[in-house]
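K.L.:
have a look; sequence and predicted model below, questions after that.
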Amino acid sequence: MEAAGRAVARTIMQRYAPCRVLVLAGPGNNGGDGRVAARYLAQAGWPVRLETPDTATQARVEWAQLVVDAIFGAGLSRDVSAHVAALLGAARRLVAVDVPSGVDGATGKVRFFAPQAELTVTFFRKKPGHLLYPGRELCGEIVLRDIGIRDAVLDDIQPLTWENGPHLFTLPPRAATGHKYASGNVTVLCGDMPGAARLAAQAARRAGAGMVTLAAPTPLPLPEPGILQRHEPLEDLLGDSRRLTWVVGPGLGVARAAAALAGLRAKPGLRIVADADALTACADAPEYLAGVSVITPHAAEFARVFGGMMDDKLTEARRAARVSGAVVVLKGADSVIAAPDGRAAINANAPPWLATGGTGDVLAGLIAALLAQGMAPFEAACAGVWLHGAAAKAVGPGLIAEDLPDALPKAMNHLP
């Protein structure tokens, strides 16, 4: 508690000029952190008032140029009161200790009310509520401070939830004597509207797949150099033992996707990424996804397959993974990657300009390429989602989906 409060005070002094500070301290450990922070600020000569929620008034909040919210921490399991909400809502500028009071640290959800913080100081490791919306936005800038907790504590906790990043995956190496088939063979099923499948195929090539094929019912005009076309029936293509990794869904059409998914599932040992129309084909029937490696639904597709979001995003993604047997990438600004065994990662590197048509098709092809090169489904999904965000950051505002495949090499070359 002493180390945490000192870290809060030092962070405030680094970020702000001396000003009138009101520390609102609750009854628990979070309040204890706030009391220590108040002492250090006062010792540094700052004008500080320390109040509890019971004694504080709106007039005292309005007196303050900066409010330190140390009322409730990340473990909040009930709604905040109307009185606390009024106090926090009156703050002109606010620094939160651990999380803004009212944010559930396990889910990112708001319990009745939570203020908008300019800065949140937390300790040891981030919590899911720092990464999941709306909590992530309400935290403002998040500063993680070391307060002397040993990393070995994680051996006892054995966490199953992480912030997504390169620490969770290693991209497959390329053998000096390898050949194109040793680098993975991806087949993308293509319908009458081939744009989505082409995006998936381009991403698969850029992500390292040695061979990429568009399997279309009829020849496509202006095929991309380096992408093969095949027009045989699916059962004939499945006879090629080198075709182990498939993308099904983007631009395929719901009826065709349903038939293709059934045909692919009938052959054991395949690596299948299901997206878009393949997910719609499984509406209210997640059992049809048995045998699929990775699914990549956005919120509407998720609801079609698994029903509405009855719980928080992290819990729902885990439930879907358990029910379907596939790794689930529940897409969004805070994409969640969940495995059937309970492991989950929350992604936080996706810029807002990634929300544009076709980027999901790129993600499906990217993940498929990593599967084809031998990555396990959870690690491939984590890597694909993170690289997707990193490539989008490299492109910058104005991004369209066609920009992403060409930006992938830069993202892969700059892995830590």
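P.N.:
Perfect, thanks for sending it. Residues are numbered from 1 along each chain as shown.

K.L.:
report the helix or strand with the lowest average pLDDT across this structure.
P.N.:
Least confident helix or strand of the chain, by mean pLDDT, DSSP states H and E, is helix 153-157 with a mean of 85.

K.L.:
after that one, which helix or strand is next?
P.N.:
Later in the chain than helix 153-157, the nearest helix or strand by DSSP states H and E is strand 161-163.

K.L.:
give the buried residues for the least confident helix or strand of the chain.
P.N.:
Of all the residues in helix 153-157, not one is buried under the rule 16 or more other CB atoms under 10 Å. Heads up, the C-betas are built off the backbone N, CA and C, glycines and all.

K.L.:
what's the answer for stretch 113-127, then?
P.N.:
For stretch 113-127, the neighbour count (16+ other CB under 10 Å) marks 113-124, 126-127 as buried.

K.L.:
most centrally placed residue in this structure?
P.N.:
N347 (2.4 Å; CA atoms, centre = their mean).

K.L.:
for this structure, what's the longest helix?
P.N.:
In the chain, taking DSSP state H as the definition, the longest helix is helix 377-395.

K.L.:
only alpha carbons, please: show that one as PDB.
P.N.:
Only the C-alpha atoms of helix 377-395 are listed here, as PDB (Å, rounded to 0.1, in the frame of the first residue of the first chain):
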ATOM      1  CA  PRO A 377      -4.800 -22.300 -33.400                       C
ATOM      2  CA  PHE A 378      -4.700 -20.100 -30.300                       C
ATOM      3  CA  GLU A 379      -1.200 -18.800 -31.000                       C
ATOM      4  CA  ALA A 380      -2.000 -18.300 -34.700                       C
ATOM      5  CA  ALA A 381      -5.100 -16.300 -33.800                       C
ATOM      6  CA  CYS A 382      -3.200 -14.200 -31.300                       C
ATOM      7  CA  ALA A 383      -0.500 -13.500 -33.800                       C
ATOM      8  CA  GLY A 384      -2.900 -12.700 -36.600                       C
ATOM      9  CA  VAL A 385      -4.900 -10.300 -34.600                       C
ATOM     10  CA  TRP A 386      -1.900  -8.500 -33.300                       C
ATOM     11  CA  LEU A 387      -0.200  -8.300 -36.700                       C
ATOM     12  CA  HIS A 388      -3.500  -7.100 -38.200                       C
ATOM     13  CA  GLY A 389      -3.500  -4.100 -35.800                       C
ATOM     14  CA  ALA A 390       0.200  -3.400 -36.200                       C
ATOM     15  CA  ALA A 391      -0.100  -3.300 -40.000                       C
ATOM     16  CA  ALA A 392      -3.100  -0.900 -39.700                       C
ATOM     17  CA  LYS A 393      -1.000   1.400 -37.500                       C
ATOM     18  CA  ALA A 394       1.800   1.300 -40.000                       C
ATOM     19  CA  VAL A 395      -0.600   2.400 -42.800                       C
END
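
K.L.:
what helices or strands is it leaning on?
P.N.:
Packing partners of helix 377-395 (3 or more CB pairs under 8 Å, 6 or more residues apart in numbering; DSSP states H and E): strand 294-295, strand 327-330, strand 336-338, helix 359-372, helix 403-413.

K.L.:
ok, which of the ones you listed comes nearest Y40?
P.N.:
Y40 sits nearest to strand 336-338 of all the helices and strands packed on helix 377-395, at 37.3 Å, using CB to CB.

K.L.:
each with direction, which strands does the closest one pair with?
P.N.:
Here strand 336-338 is paired, per DSSP bridges, with strand 327-330 (antiparallel), strand 344-346 (antiparallel).

K.L.:
just to revisit the earlier point, closest one to G195 among the helices and strands packed on helix 377-395?
P.N.:
Per CB to CB, nearest to G195 of those: helix 359-372, 8.2 Å.

K.L.:
and the closest residue to L168 other than its chain neighbours, what is it in contact with?
P.N.:
Computed as CB to CB, 6 or more residues apart in numbering, the closest residue to L168 that is not its neighbour in sequence is C382, at 4.7 Å. By CB atoms under 8 Å, 6 or more residues apart in numbering, C382 lies in contact with 164, 168-169, 337, 345.

K.L.:
ok, now A196?
P.N.:
A196 makes contact with 250-251, 276, 358, 361 under the criterion CB under 8 Å, 6+ apart.

K.L.:
now do the helix or strand that contains it and helix 403-413, the angle between them.
P.N.:
Under the criterion DSSP H and E, the helix or strand holding A196 is helix 195-206. Here helix 195-206 runs at an angle of 20 degrees relative to helix 403-413 (axes from the mean of the first three to the mean of the last three CA atoms, to 10 degrees).
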